[in-house]
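Q: Give me coordinates for this.
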Amino acid sequence: MNNPWIEAMRLRTLPVSVAGVAAGTGCAIFHHGFSLIPMLICLLFAVVAQIASNFANEYYDFKNGLDRKGREGFRRGVTEGDISPQKMKRATFTLLILDALLGCSLIYYGGWWLIAVGVAVVLFALGYSTGPYPLSHHGLGDVAVVIFFGFVPVIFTEYVQTGIWHLNSVTICSSLAVGLMAANVLIVNNYRDRDDDAAVGKRTTVVIFGRRAMASVYLLNGLLAVLAMATAGSKAPVWTVIGWFGYVFCHFLLWQGLRDHHGTALNKVLKFTSILMCAASIYLLLILAIWREL
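A: Residues are numbered from 1 along each chain as shown. Coordinates of the predicted model:
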């Protein structure tokens, strides 16, 4: 059996955090503002925040009776008895505190008002799974993911490196693309867990709209994302679209895998959706870095 703490981190999905920082760094380079130290801080902050959110999801779903033993998907260490609820809760808030301290170091690069951004990220990490209106339980998880895994990391990673707001088509299109690809990772996760979620009253978008509709959304999200990335990198030579055709080809294969598989077999689709997102963001970074603004 795998280490339950490693399983709780959900390593297959962590490339999602890397993708936002990669795209934001590409935007910074495009606008002649790359800075290594704040970029690395943003990367570490994003990964730790995602792990904390995953821990919180596991703890609060168990606490609220939304997890059952033997459910589909990743093994839930708390539900299966591998990790005590108290230890998971302690780990969640320890990571959030450490991440908050790490985020404070970005004040040097972006100003005191970044504290508000950090607070919003912490609230999202918790509010996704708990609070008076948990986002993941009411079909709002997808929208929140677009914002906090797309627009927030891309825009603010760029800002702390350049010190200037560049809310133009390059930054906005990059943010939208990353957000839509991140939403697809969540769609696969909820697609796999649809029956378990429905049984306990957890209303994800897949529970609300059904598997067929959300498979179509998955396909559309990927196509819109590649269109946004191509727009962001429009200054690059025409031949660079070969990479985007490669993305579309892989995306179609994953879409077929989503429709054709069920249960734990979808973990592979989840992993490669996350990897494809990260690869596309790194490709966008390279395009923006090489054919940057004159």
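Q: so the nearest residue to residue 279 once chain neighbours are set aside is in which element?
A: Spatial nearest neighbour of residue 279, excluding adjacent residues (Cβ to Cβ, 6 or more residues apart in numbering): residue 247 at 7.9 Å. (C-beta placed from N, C-alpha, C; glycine too.) Using DSSP states H and E, residue 247 sits in helix 241-260.
Q: what's the spacing between the next helix or strand after that helix and its chain's center?
A: Remark: after helix 241-260, the chain's next helix or strand is helix 266-290, criterion DSSP H and E. Here helix 266-290 is found 11 Å from its chain centre; the criterion is Cα atoms, centre = their mean, to the nearest Å.
Q: ok, now stretch 223-241?
A: Taking Cα atoms, centre = their mean, one finds stretch 223-241 lying 21 Å from the centre of the chain it belongs to.
Q: repeat for stretch 251-270
A: Using Cα atoms, centre = their mean, the offset of stretch 251-270 from its chain centre is 18 Å.
Q: buried ones in it?
A: Applying a neighbour-count criterion of 16 or more other Cβ atoms under 10 Å, one finds 251, 254-255, 257-259, 261, 266-267, 269-270 buried in stretch 251-270.
Q: I'd like those written out as TSV, with pLDDT and distance to residue 86 added.
A: Compiled in TSV, those are given as follows (pLDDT from 0 to 100; distance: Cβ to Cβ, whole Å):
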residue	pLDDT	distance to residue 86
251	98	42
254	98	38
255	98	41
257	97	38
258	97	37
259	96	41
261	93	36
266	95	31
267	94	28
269	97	34
270	96	29
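Q: low-confidence ranges in the protein?
A: Within the chain, the ranges that satisfy pLDDT under 70 run 1, 68, 70-73, 294.
Q: The same query, at a cut-off of 90, please.
A: The chain contains residues with pLDDT under 90 at 1-3, 61-82, 131-132, 136-137, 196, 199-201, 263-264, 292-294.
Q: thinking again about what came up before, verify the stated contact: the residue nearest to residue 279 with residue 227.
A: No - contact criterion Cβ atoms under 8 Å: residue 247 and residue 227 do not qualify, at 10.7 Å.
Q: Neighbour count: these two, which is higher?
A: Applying other Cβ atoms under 10 Å to residue 247 and residue 227 shows that residue 247 carries more neighbours, namely 22 against 16.
Q: circling back: against residue 201, how distant is the residue nearest to residue 279?
A: Counting by Cβ to Cβ, to the nearest Å, the gap from residue 247 to residue 201 is 37 Å.
Q: now swap in residue 123 and tell me
A: Applying Cβ to Cβ, the value for residue 123 to residue 201 is 23 Å.
Q: Check residue 74 too.
A: Residue 74 sits 21 Å away from residue 201, taking Cβ to Cβ as the criterion.
Q: Comparing the two, which shows the higher neighbour count?
A: Counted by other Cβ under 10 Å, residue 74 and residue 201 do not tie: residue 74 has more neighbours, with 22 against 11.
Q: can you pull the contacts of that one?
A: Counting by Cβ atoms under 8 Å, 6 or more residues apart in numbering, residue 74 makes contact with 7, 10, 267.
Q: give me that answer again for 10 Å
A: Listed by Cβ atoms under 10 Å, 6 or more residues apart in numbering, the contact set of residue 74 reads 2, 7-13, 54, 58, 189, 192-193, 264, 267, 270.
Q: so which strand or helix has it?
A: Counting by DSSP H and E, residue 74 is found in no helix or strand.
Q: Just to check, residue 241 is in contact with residue 231?
A: No - under the criterion of Cβ atoms under 10 Å, residue 241 is not in contact with residue 231, lying 11.5 Å apart.
Q: Quick check: what element follows the helix or strand hosting residue 184 along the chain?
A: Residue 184 belongs to helix 169-192 when assigned by DSSP H and E. Downstream of helix 169-192, the first helix or strand assigned by DSSP H and E is helix 194-199.
Q: May I see the buried residues of that next one?
A: 194, 196-197.
Q: Let's have these in a markdown table, adding distance to residue 91.
A: As requested, the buried residues of helix 194-199 are arranged in a markdown table below (distance: Cβ to Cβ, whole Å):
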| residue | distance to residue 91 |
| --- | --- |
| 194 | 28 |
| 196 | 24 |
| 197 | 24 |
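Q: Fine by me, we can end here.
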